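Enquirer: Kindly generate the corresponding structure for this input.
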Amino acid sequence: AGVGLSGMASFGSAGAVDLLASAALASTAMLTARFGARFTGKFNPVQLQRAFAAFQLAVAPMVPLKGVLVRRSKQSPGDGVGGGGGGGGGSEAAAPPPSST
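Expert: Residues are numbered from 1 along each chain as shown. Take a look at the predicted model:
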């Protein structure tokens, strides 16, 4: 609980928490937890463990891949073609060329 609270405090103070999304996620989890517990209670525990292991093996390559993609997006120029990592999509206004008249 201490790690969760410290993470909440650090990310929350940095403004990196979408309150609407977190409220939706928390309320949905609270409403469906009992159903999920009853549903998984009907399965063989060994089958559940194997299914979870297969899920972890399928998702595991995405962890280092995300780091590579984030680094690549930060390194690409912010010209709107390669993502740029800025989220602006290259819509920043450029200075107009000097007029010849």
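
Enquirer: now could you export just the CA positions of the host helix or strand of residue 34 as CSV?
Expert: Residue 34 is located in helix 19-40, with elements delineated by DSSP states H and E. The C-alpha trace of helix 19-40 is given here as CSV (Å, rounded to 0.1, in the frame of the first residue of the first chain):
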residue,chain,number,x,y,z
LEU,A,19,-8.8,11.8,-13.0
LEU,A,20,-11.7,10.9,-15.2
ALA,A,21,-10.0,7.8,-16.5
SER,A,22,-8.9,6.7,-13.0
ALA,A,23,-12.4,7.2,-11.6
ALA,A,24,-13.9,5.2,-14.5
LEU,A,25,-11.3,2.4,-14.0
ALA,A,26,-11.8,2.3,-10.2
SER,A,27,-15.6,2.3,-10.3
THR,A,28,-15.7,-0.4,-12.9
ALA,A,29,-13.2,-2.6,-11.0
MET,A,30,-15.2,-2.2,-7.8
LEU,A,31,-18.5,-3.1,-9.5
THR,A,32,-17.2,-6.1,-11.3
ALA,A,33,-14.8,-7.6,-8.8
ARG,A,34,-17.4,-9.9,-7.2
PHE,A,35,-18.5,-11.2,-10.5
GLY,A,36,-14.9,-11.9,-11.5
ALA,A,37,-14.2,-13.8,-8.3
ARG,A,38,-17.3,-15.9,-8.8
PHE,A,39,-16.5,-16.5,-12.5
THR,A,40,-12.9,-17.6,-11.9
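
Enquirer: ok, residues contacting the following helix or strand past that helix?
Expert: Toward the C-terminus, helix 19-40 is succeeded by helix 45-59 as the next helix or strand (DSSP H and E). With contacts defined as C-beta atoms under 8 Å, 6 or more residues apart in numbering, helix 45-59 is touched by residue 40. C-beta coordinates here come from the backbone N, C-alpha and C atoms, glycine included.
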